[in-house]
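S.K.: using only what follows, build the 3D model:
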Amino acid sequence: MAGILRAVGNHDRRNSMKMRRRKAQVKKKARAKRHAQERRAAAPQGAKKSTPRKTTKAPAATTSAPPPVSVPPAGTTPTAE
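M.R.: Next up is the predicted model:
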């Protein structure tokens, strides 16, 4: 029984849904890897992403305004919850 060779990868002709998903996943990963290599090759070696520097701003006002107080409509008594 050691003489039986299994078809794998692209040579596998099974078409069950499970195998289709599995083959599609392999193709997707290969495509992602290839695109990543192409992007690395296209970018210049010394180039970095230019990110804007964060600056520390002085606080506009040291005292903050108190939160707005909700006023009940006229003619109702406030209830304590």
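
S.K.: element containing the residue nearest the centre of the chain, please.
M.R.: In the chain, the centroid-proximal residue (C-alpha atoms, centre = their mean) is residue 32; its distance is 15.0 Å. Here residue 32 sits within helix 17-42, counting by DSSP states H and E.

S.K.: any idea how far that helix is from the chain center?
M.R.: Relative to its parent chain, helix 17-42 has a centroid offset of 18 Å by C-alpha atoms, centre = their mean, to the nearest Å.

S.K.: list the buried residues in it.
M.R.: Using 16 or more other C-beta atoms under 10 Å as the test for burial, helix 17-42 gives no buried residues. Glycine gets a C-beta too; all of them are placed from N, C-alpha and C.

S.K.: what average pLDDT does that helix get?
M.R.: Per-residue pLDDT over helix 17-42 has a mean of 93.

S.K.: show the pLDDT at residue 49.
M.R.: For residue 49, the predicted pLDDT is 65.

S.K.: start the count at 738, not 1, going forward
M.R.: Yes, from this point I'll number from 738; that puts the last item at residue 786.

S.K.: if we can go back for a sec, and the gap between the residue nearest to the centre of the chain and residue 755?
M.R.: Plainly put, residue 769 is 22 Å away from residue 755 if you go by C-beta to C-beta, to the nearest Å.

S.K.: repeat for residue 808
M.R.: Note on residue 808: its distance to residue 755, by C-beta to C-beta, is 64 Å.

S.K.: can you check residue 807 too?
M.R.: According to C-beta to C-beta, residue 807 stands 59 Å off from residue 755.

S.K.: likewise residue 779?
M.R.: To residue 755, residue 779 is 37 Å away according to C-beta to C-beta.

S.K.: got it, and residue 776?
M.R.: Using C-beta to C-beta, residue 776 is found at 32 Å from residue 755.

S.K.: again with residue 762
M.R.: Distance from residue 762 to residue 755, by C-beta to C-beta: 11 Å.

S.K.: do residue 761 as well
M.R.: Going from residue 761 to residue 755 by C-beta to C-beta gives 11 Å.

S.K.: then residue 740?
M.R.: 27 Å.

S.K.: equivalent analysis for residue 774, please.
M.R.: Distance from residue 774 to residue 755, counting by C-beta to C-beta: 30 Å.
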